[in-house]
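Visitor: let me see the structure of the following:
(chains A and B)
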Amino acid sequence: MILRRASLRYFLRHPWQAMLSVLGVAIGVAVVAAVDLANESARRAFVLSIESLSGPVTHQIVGGPNGVPETLYRTLRIEAGARAAMPVLEGHAAAPQHGRRSLRIVGVDPFAGNVAGPYLPTAQSGIDLRRLLVEPATGLLARATAQRLGLALQDRLHLEIRGAPVTLTVVGLLDPDNETTRQALADTLIVDIATAQELLGAQGRLSRIDLIVPEGTAGASLLERIRAVLPSGVELVPAQTRAASMTEMTRAFQLNLNALSLLALIVGAFLIYNTMTFSVVQRRPLIGTLRTLGVTRREVFALVLGEALLIGAAGTALGLGLGLVLADGLLGLVTRTIDDLYFNLTVSKLTIAPASLAKSLVLGLGATVLAALAPAREATHAPPVTVLSRSSVETQAHRRRPWLAGAGAAAMLLGAALLLIPSKALPLSYAGLFAIIIGFALLTPAVTVVLMRVLRPVMGALFGILGRMAARGVVVSLSRTGVAVAALAVAIATTIGMAVMIGSFRATVAHWLDQYMHADIYVSALESTPVNASLDRALVERLATTPGVAAVTTGRYVTIESADGFTELNALSLGPRTHEAFAFKEGDPATLWSELQQEDTVIVSEPYAYHHGLRVGDTVSLRTDRGQRPFRVVGVFYHYGTSQGVVMMDRATYDRYWDDPRIGSLGIYAEPAMQVEALVEALRQRAAGFAPVNIRSNRTLHATSLAIFDRTFAITSVLRALVMLVAFIGILSALMAIQLERARELAVLRANGLTPRQLWGLVSTETGLMGAVAGVLAIPQGLVLALALIFVVNLRSFGWTMQVVVDPMVMVQGLLLAVTAALLAGLYPALRMTRTPPALALRSE
Amino acid sequence: MRLLNLIASGLLAATLLLAACSDPQEDPAVDNSSARFSVAQLLGGGNTEGYVRAYAPRPFVFPADHGPHPGYRQEWWYFTGNLATPEGRRFGFQLTFFRTALTPAPAARASAWATNQAYMAHFTLSDIDAGRFHAFERFSRAALGLAGASVQPFRVWLEDWSAQGTGDDAALPMRLRAAQDGVAIDLSLDSLKPPVLQGDRGLSQKGPAPGNASYYYSLTRMPTHGTVRIGSRSFPVEGLSWMDREWSTSALSGDQVGWDWFALQLSDGRELMFYQMRRRDGSADPFSSGVLVQAEGASRRLALQEVELRVAGHWQSPRSGARYPSRWTIRIPAEELELEVVPHLAGQELDLAVRYWEGAVQVRGNAQGRPVTGQGYVELTGYD
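Guide: Numbers count the residues shown, from 1 in each chain, chains lettered A, B, ... in the order given. Have a look, this model is predicted:
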């Protein structure tokens, strides 16, 4: 009872301290919860859209560049007797008039209703499928989607497909009877397969054929019959494999987000540690008294831990609430990134996954308990005497300093060792990263002392006796300041590390774009479905013969899906200057170009080589229209366009193995005298009358690419900002607490003639110094973190090599953040001290 | 009088919905999950505007009329038969193709999948001596070669279920093939008699309104041989089949709730077809009628009042709970014909998207004082 009262009184007398700690934990937990919720929502929406939407589908037949020929469907049903089969053609359209960037179009055959799963209405819905079948340009929407688009039954839906306006009629509204289906149908327009082919301009082709194959011998013999009728170029893939390989693509990205969000929590945990340590230090006399009254060590330990748990619980509860709000905002960013980097994804709303909340709850409380363990142990060491001088506490802190520094060094070594283990396991990398961070934190007190020793004369020279006092003050109260400075440094280092990583990545990409985008003008097909993305032959001819065009190269970018996942393949017609666009990590540029033109060879991008463990001389097996074929790798090139990586081959090689004469994009070189912008205009005029295509100058495309890069990293920047916020609160709370605690000491100084102004200066200088020390320490820490992120985490996640580019502004920003927060932290304590008569302050102690 | 006649064009759309919620991994014979439509729900409401309709008798031309008549809203090819192995093991079969025009005319569209014609097919096998009944259904659009019908050569098919002419340019003999889940038939059908034109020279009036009629002819005695397969066992079989062909754009008067239809082949070389449409109040609709085909092929129309139909027993389906009549006596006093009709199996209910009873029956009785036997098929719809 007395214990609880004592602890309540303490926190009532130091409300700021508790409140800021709660807030710090809250934001940390909020970030973790929000990232996890957003990730989970994106993942779920995605898994739903391929797993649940396919319903009971067990297998899928997927094709190559041309998709799946529609006649295969008849062969399957009639010759192979695959009764549970459904043709699917998927594509997408823009719906700008309804405020939607993208709407998924799914074409199905209502006659294969037993395979259609949730795509089709149930008998009770009363939807007239006849109109869907016989009327061109009709479709079904989920009722919720229709409402979001502002549409009712029979309304017109205005879409843009491949740049051309299309109007459809909504002939049915689906009312999914469960949440799974509801989410799966979000932003999806369901049309008859005939309508889909017409809308998307993909006559004769399907995206895939969905199958239900029973288990057991009947299923095995059906699979055999199906395989027997499959033409080369298409493949039978188990539905789970397909879902798994798509989820796998985003795994690294999502894991990184989770790990980065943990940084925020770690910074939050430092806050708790700081608060609890501080409260223990402050209450040593009280704890000593309690011990003489017969309170056991175990009870003291429980008391401190209990207090921390209360703060942690309050912070976690608040954090979960904040997290829900924040997650809603992050979801858009996560979705956008996945959409840009990996595949078309629409997520209608946040899924509140109980597991995410539980995880955040455990992390929040867990971090609190861990952070409070050391201070709680420390409290039990208070000997049962009534008075214990502060100086002995400090002496103890100073004595422990070398040990802490040693432990810090050990942690850093361990971290470095973990990072150096050649493994693709990201958790290992992050464990290493976190070990280094802890190591830095443990080293901080020692480094602070050294820094202060160096600074003391400088401060004395600058600010006289008060300056020297301030510098000494920092060192003297190391038991409290050491922890605070360490926490701040970690927080700021984290933001610096993330910023340097993003900046390096961006600079690398920008530099790569300069080299890779070699042509002056790029022309690309507007795509509505992957099976039809191509340029009109006549248009290609017309553009190539435009006056002012010196040379044209062609590209054909296709995705080949197989049981192993998705392979992006680019078939290039090699121009005289194509080689200038590539920089090779492996392979001999002097010989590989001629090799590429003569044999069945490919070059692969760095991430592709990384993910597939390929080196020059190895072979890549690709499913061609002539069956599975090996291609020898003659080079590994730098390429930042896709994290999955890309395989590149000569157009002639492609034509030997694929029956796909189409061209997806053009690179146009202008004649030297020709103005690029003028040529773009001329080309646009020549393209008038054809289906719309993208014609963009090198400069525009460059800017667009970087804009997409920025968009994909928006989520990382937001996380960085949140970590900065926690850091700011940390600095504020730690330094404010320290100064408030010094009330008596400062009162003595006031009583001895220190003017309020001088007092203000002393406090500000001291907090400013601490902030500056934290900021300065954060710079090397941040750089080490950045290096770990760039050379270990990023490389292992995505297989990208980056140049390290350090923007000095990032350091300045970190330093400014630290000093500003520190100075702000000094404001209130200084104000309070100057307003309180010294006598009162002395008495109140 | 057969199933589709009463079904307005809502049928296929409605059955599609039903098919959407059935699980194909289960044997349809045990699938009970489909939501149910009573047949009455499928009736009426069908729009007849724009479709070709049957107003007056027309000349029938063969083989052209064996093929499709796409301007009419609905049409079917309906085969039933009683078969037996040389050892005497008995089978009944039904293979039916229903065509529905979803609109009066096809629209000009770019996709090969686009069509206004849809098909449904039913295939049943009554394994009489084993006491088992197998029933299957299929749906498809008439596009991409998945389903359809043609005249030259005669062919109607839905995936690998088909009826097709094997002669040079004649429909006969016809080969019927269907197989699913280990149950299969492969039969050759010829005809002993010329087509029998039902109703008034082939115009079969279904209700008082003009156009509420169908064109209807039958091949009533088709010697059949071929094989029946069940699992790994194959049975050589012979017997008699019956083909009904009907096309129309008719809508039912709202009063009609279902019908009982009889197609009986007698041992004296004659065939009797009779259907009785039931009204809501249980009475027989005056447009019910029949035909008696003589051994040499001549036929005589039978009006409702010429035929006395009495139900002598009932059977309740343990699956659907529907209660069907299950034994009848048919008397035609003017012909001195009295027949007792008994199903080979009580349980010949097609528990499919559209539920009805259609099964093989045996016949015993007297004609002009002499004993007569026979076989045939009975169809019962509109029972709950």
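Visitor: would you mind measuring from A:Arg401 to chain B?
Guide: Using C-beta to the nearest C-beta, to the nearest Å, A:Arg401 is found at 71 Å from chain B. C-beta: built from backbone N, CA, C; applies to glycine.
Visitor: from B:Gly88, how far out is A:Val57?
Guide: A:Val57 is 46 Å from B:Gly88, where distance means C-beta to C-beta, to the nearest Å.
Visitor: same check, this time on A:Ala652
Guide: From A:Ala652 to B:Gly88 the distance is 71 Å (C-beta to C-beta).
Visitor: of the two, which one has the most company?
Guide: Neighbours were counted for A:Ala652 and for B:Gly88 using other C-beta atoms under 10 Å in any protein chain shown; A:Ala652 has more, 13 against 7.
Visitor: helix/strand/coil for A:Leu622?
Guide: Three-state call for A:Leu622 (DSSP: H, G, I helix; E, B strand; the rest coil): strand.
Visitor: quick check, it in contact with A:Glu568.
Guide: No: the pair A:Leu622 and A:Glu568 does not pass the contact test of C-beta atoms under 8 Å, sitting 11.2 Å apart.
Visitor: what touches both of those two?
Guide: Counting by C-beta atoms under 8 Å, 6 or more residues apart in numbering or on different chains, the shared contacts of A:Leu622 and A:Glu568 are A:Val647.
Visitor: ok, the two, which is more surrounded?
Guide: A:Leu622 (20 against 17).
Visitor: hey, what's that one bridged with?
Guide: Per DSSP bridges, the residues bridged to A:Leu622 are A:Arg629.
Visitor: distance of it from A:Pro630?
Guide: 8 Å.
Visitor: just A:Leu236 next, same as before
Guide: Taken as C-beta to C-beta, the span from A:Leu236 to A:Pro630 is 21 Å.
Visitor: look at the two and report which has more neighbours.
Guide: A:Leu236 (16 against 10).
Visitor: check which helix or strand covers that one.
Guide: Per DSSP states H and E: A:Leu236 is located in strand A:235-238.
Visitor: hmm, who's touching that strand?
Guide: A:58-63, A:211, A:223, A:226-227, A:230, A:561-563, A:623.
Visitor: okay, and which of the residues you listed map to strands?
Guide: Under the assignment DSSP state E, those contribute A:59-62, A:211, A:561-562, A:623 to strands.
Visitor: check what pLDDT residue 370 gets.
Guide: Answering for chain A, as no chain was given. Note on A:Leu370: pLDDT of 81.
Visitor: wait, chain B was what I had in mind.
Guide: B:Arg370 is given a pLDDT of 94.
Visitor: do the one 4 residues further on as well
Guide: Note for B:Gly374: predicted pLDDT of 96.
Visitor: can you report how many residues lie near it?
Guide: 22.
Visitor: which element is it on?
Guide: Counting by DSSP H and E, B:Gly374 is found in strand B:370-380.
Visitor: got the buried residues for that strand?
Guide: B:372, B:374-380 (16 or more other C-beta atoms under 10 Å in any protein chain shown).
Visitor: need phi/psi at B:Ser232.
Guide: Main-chain dihedrals, B:Ser232, degrees, to the nearest 10: phi -90, psi 0.
Visitor: do A:Val646 as well
Guide: phi -140, psi 150.
Visitor: for it, list each beta-bridge partner.
Guide: A:Glu568.
Visitor: list the contacts of residue 82.
Guide: Unless you meant another one, I'm taking chain A. With C-beta under 8 Å, 6+ apart, A:Ala82 has these contacts: A:76, A:211, A:213, A:222, A:225-226.
Visitor: looking at chain B here, not the other one
Guide: So B:Asn82 contacts B:90-92, B:239-240, B:265, B:360, B:375-377 (C-beta under 8 Å, 6+ apart).
Visitor: A:Arg468 reaches A:Met459, doesn't it?
Guide: Yes: using C-beta under 8 Å, A:Arg468 is in contact with A:Met459, at 5.7 Å.
Visitor: quick one: least confident of the contacts of strand A:235-238?
Guide: Minimum confidence in the contacts of strand A:235-238 sits at A:Ala563, scoring 73.
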